[in-house]
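Based on what follows, work out the 3D shape:
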Amino acid sequence: MSELTILKDKITSNVMERFIELTDKTTFDTELSFALQHIKKNPQLSKATLESNVMAVLNVAQTGLSLNPTLKYAYLVPRSVNKGGQWMVETCLEPSYIGLCKLVTDSGSARSIVSHLVYEGDEFEVSLGTSVDILHKPKFKTKEVTHVYVVSVLSDGSKLVDVMTKSDVDDIKERSESYKAHKAGKIKSCVWVSDFGEMARKTVIRRGIKYLPKTDMWDKIGQAINLDESDYKISYGQIDMIESLLMNAEIPHEEQSDIHREINTMSASRAREVIEYLQQHQLDPIRSGNNYNATDIKEHIDKIENQ
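Numbering: from 1, shown residues only. Below is the predicted model:
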């Protein structure tokens, strides 16, 4: 039995039931086939953890973004993650800028949404204030990118515009864990290097989406954005989790202070490391003097007996 067949069986046993609850059996079979094609083509994905492969496939159902290579809505990408000082590969579902635009128009948050790159030599003017407009006359000469912008047309015909300079985009790129791993030689390829234009367009779209009106279908957009931003920065949920765990963490005061100072600048992967570390160093509820229940007492007794 091949490694790919074994992986297929493991993913199926772990995710099929939940996937079908969100979609149907035919969609599961189709998307699993696409996922296995991605994994077969990329040797790094075949080295990824089973848990991350399972979650990546499930995220296809949760976002509604197909892995169909013809549609180009989303991709499975490897991310090198440092856990406890050890580098490992995780598979992540990464929406494309085309996929994000699809979710926006499907949700009704905007009638249309487009993004373009501006190159050196292009005629480019931005009008904001009470009259929002962009004049962009490309010269179609391959030079350096200077700006990237997104224009969203709302249901009433009004427009929302967002513009980023290449420097703004480069700042985001430098915060990417994948790009950091590539620079460190941990992974051979990185989408920020191979497809900078697509990543720049997706970056400005992702930022512009946050200002669009919310609809009943916003959950899928939010999930897609969270997946895409997981490579960059800590989430509000992670911040709340860390602050909660710090209250009962049995670690030196200096270490607690260091974590407090770092928390707002952490990457998502660094936040996962900290959460895992704090969970392993939680103060016993009884010893802490806080409220405790019968389960806490049993665990406390078991811990004493096993020492």
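
For the rest of this, base every contact and every neighbour count on C-alpha atoms.
Fine.

Does anything pack onto the longest helix along the chain? Which helices or strands?
Longest helix in the chain, counting residues (DSSP state H): helix 3-22. Where contact means 3 or more C-alpha pairs under 8 Å, 6 or more residues apart in numbering; DSSP states H and E, helix 3-22 is packed against helix 25-41, helix 50-63.

And that helix, what's buried?
Of the residues in helix 3-22, 7, 8, 10, 11, 12, 15, 16, 19, 20 count as buried by neighbour count, 16 or more other C-alpha atoms under 10 Å.

Centre of the chain to it, how far?
In terms of C-alpha atoms, centre = their mean, to the nearest Å, the centre of helix 3-22 is set 22 Å apart from its chain centre.

Touching it from outside, list them.
Contact partners of helix 3-22, identified using C-alpha atoms under 8 Å, 6 or more residues apart in numbering, comprise 27-28, 32, 36, 40, 50, 53-55, 57-58, 61-62.

The same query, at a cut-off of 6 Å, please.
Residues outside helix 3-22 that contact it (C-alpha atoms under 6 Å, 6 or more residues apart in numbering) are 54, 58.

quick one, what contacts the residue lying closest to residue 282 once chain neighbours are set aside?
Spatially, and ignoring its direct neighbours in sequence, residue 282 is nearest to residue 249 (4.5 Å; C-alpha to C-alpha, 6 or more residues apart in numbering). With contact set as C-alpha under 6 Å, 6+ apart, residue 249 has these partners: 281, 282, 283.

Which of the residues you listed fall in strands?
Per DSSP state E, strands hold no members of those.

Show me which of those are buried.
Buried among the contacts of residue 249 (16+ other C-alpha under 10 Å): 282, 283.

mind giving me CSV with the contacts of residue 249 and columns for distance to residue 73 and pLDDT?
Listed next are the contacts of residue 249 as CSV, based on distance: C-alpha to C-alpha, whole Å; pLDDT from 0 to 100:
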residue, distance to residue 73, pLDDT
281, 41, 87
282, 42, 85
283, 45, 80
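
that older thread, redo the helices and strands packed on helix 3-22 as JSON lines? Include mean neighbour count, mean pLDDT and distance to residue 221.
Below are the helices and strands packed on helix 3-22 laid out as JSON lines (neighbours: other C-alpha atoms under 10 Å; pLDDT from 0 to 100; distance: least, C-alpha to C-alpha, whole Å):
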{"stretch": "helix 25-41", "mean neighbour count": "17", "mean pLDDT": "95", "distance to residue 221": "19"}
{"stretch": "helix 50-63", "mean neighbour count": "21", "mean pLDDT": "93", "distance to residue 221": "7"}
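
Export these as JSON lines, with columns for distance to residue 143.
Below are these laid out as JSON lines (distance: least, C-alpha to C-alpha, whole Å):
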{"stretch": "helix 25-41", "distance to residue 143": "31"}
{"stretch": "helix 50-63", "distance to residue 143": "35"}
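
Quick check: which of these is nearest to residue 74?
Closest approach to residue 74 among those is made by helix 50-63 (8.5 Å; C-alpha to C-alpha).
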